Structures are given as C-alpha cells and as structure tokens.
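Asker: Okay, sequence plus prediction incoming.
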Amino acid sequence: MGARTWLAHTAYEYGRFLLGRNRAERAQADDLLGEAATLAAEIGMPTLLDRISARGEPAPRAVLPDGLTAREVQILALIARGLSNREIGRTLSISEHTAANHVRSILRKTSCANRTEAASYAHRHRLA
C-alpha cells in the first residue's frame, strides 16, 4: 500500500508494547523503534521522533541520501506530488520564499536540473 506513515506508527507502538513485556523481547523492540525512527526521519514526522526520544531510547537517525535534511525530504515529497512553492508554503505553514529556498537546496544537493527531475529522484529513492 505504501502507507509509510502508518507503518512508522505501527512499528513504534509495537516496539513500545514489547518493551513493556519482558527483557527477552528487548532486541526486537529496539529494532522496531529503530525502524519507526528511520521512517519518521525519512518522511518528516518530528512528533513521532520526539516520542521515540522521550522514551529514553536512542532514536537512530536515518541516513538520508545526498545530505538532505528531514525537512528537505518532506518538501521533496510535496514536489513529487506536484505542489508549487506557494502550495508547499501553505501546507507546511512557511513562506513561499522559504519553500523556494528549500527547493533550491534540494536541487543543488541532488544535482537535479528542475522539479520534474527532483520528483523522479524522490520516487527512485522511495522518498515520495
């Protein structure tokens, strides 16, 4: 289905459940929390990352391609959906100018010539 948001939440909740049961399941719980943190970082879910960190567990950060930040990945996903800078700004409650700055940074980091190439990049790297 590609419902990565729900997969991240499910991995977090199941990992949290296993932590409460017993020590024998600690490794599996850590793996699930790590998976949840990785997905949350990839698709820009700071609240879920905060929940994982608040548990006192180390929240592994996903290594994002080409030095992209979690925010840039979030914006890249919106570019892949075809949103303009103005629409990205409205969606994320940032100015159109800030969205444009992020887009420029994304294009530079990914060596993409335009938004169409960036959208293709997002799909190839499973960021959209």
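Answerer: Done, it's in. Numbering: from 1, shown residues only.

Asker: could you dump stretch 21-30 to CSV, C-alpha only?
Answerer: Taking Å, rounded to 0.1, in the frame of the first residue of the first chain, the C-alpha atoms of stretch 21-30 are listed here in CSV:
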residue,chain,number,x,y,z
ARG,A,21,6.5,-7.1,28.3
ASN,A,22,9.9,-8.5,29.2
ARG,A,23,13.6,-8.2,28.5
ALA,A,24,13.7,-11.2,26.2
GLU,A,25,12.0,-9.1,23.5
ARG,A,26,14.2,-6.1,24.0
ALA,A,27,16.2,-6.6,20.8
GLN,A,28,13.0,-6.9,18.7
ALA,A,29,11.6,-3.8,20.4
ASP,A,30,14.8,-1.9,19.7
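
Asker: ok now that stretch, how far from the chain's centre?
Answerer: How far stretch 21-30 lies from its chain's middle: 25 Å, per CA atoms, centre = their mean, to the nearest Å.

Asker: Could I get the buried residue list for it?
Answerer: Buried residues in stretch 21-30, defined by neighbour count with 16 or more other CB atoms under 10 Å: 29-30. Where you see a C-beta, it was placed from the backbone N, CA and C, and this is true even at glycine.

Asker: One more: stretch 119-128?
Answerer: 119, 121-122, 125, 127-128.

Asker: buried ones in the helix or strand bottoming out on mean pLDDT in the chain?
Answerer: Lowest on mean pLDDT, DSSP states H and E among the helices and strands of the chain sits helix 26-43, with a mean of 82. Neighbour-count burial for helix 26-43, counted by 16+ other CB under 10 Å, picks out 29-30, 32-43.

Asker: and what of stretch 77-88?
Answerer: Buried, per 16+ other CB under 10 Å, within stretch 77-88: 77-80, 83, 85, 88.

Asker: Can you show me the CA trace of it as PDB?
Answerer: Output of stretch 77-88 as PDB, limited to C-alpha atoms (Å, rounded to 0.1, in the frame of the first residue of the first chain):
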ATOM      1  CA  ALA A  77       7.700  14.600  -1.300                       C
ATOM      2  CA  LEU A  78       5.400  17.600  -1.800                       C
ATOM      3  CA  ILE A  79       7.300  18.500  -5.000                       C
ATOM      4  CA  ALA A  80       6.800  14.900  -6.200                       C
ATOM      5  CA  ARG A  81       3.000  15.400  -5.600                       C
ATOM      6  CA  GLY A  82       3.200  18.400  -7.900                       C
ATOM      7  CA  LEU A  83       2.800  21.200  -5.400                       C
ATOM      8  CA  SER A  84       4.100  24.700  -6.200                       C
ATOM      9  CA  ASN A  85       6.200  26.700  -3.800                       C
ATOM     10  CA  ARG A  86       3.100  28.600  -2.800                       C
ATOM     11  CA  GLU A  87       1.200  25.400  -2.100                       C
ATOM     12  CA  ILE A  88       4.200  23.900  -0.200                       C
END
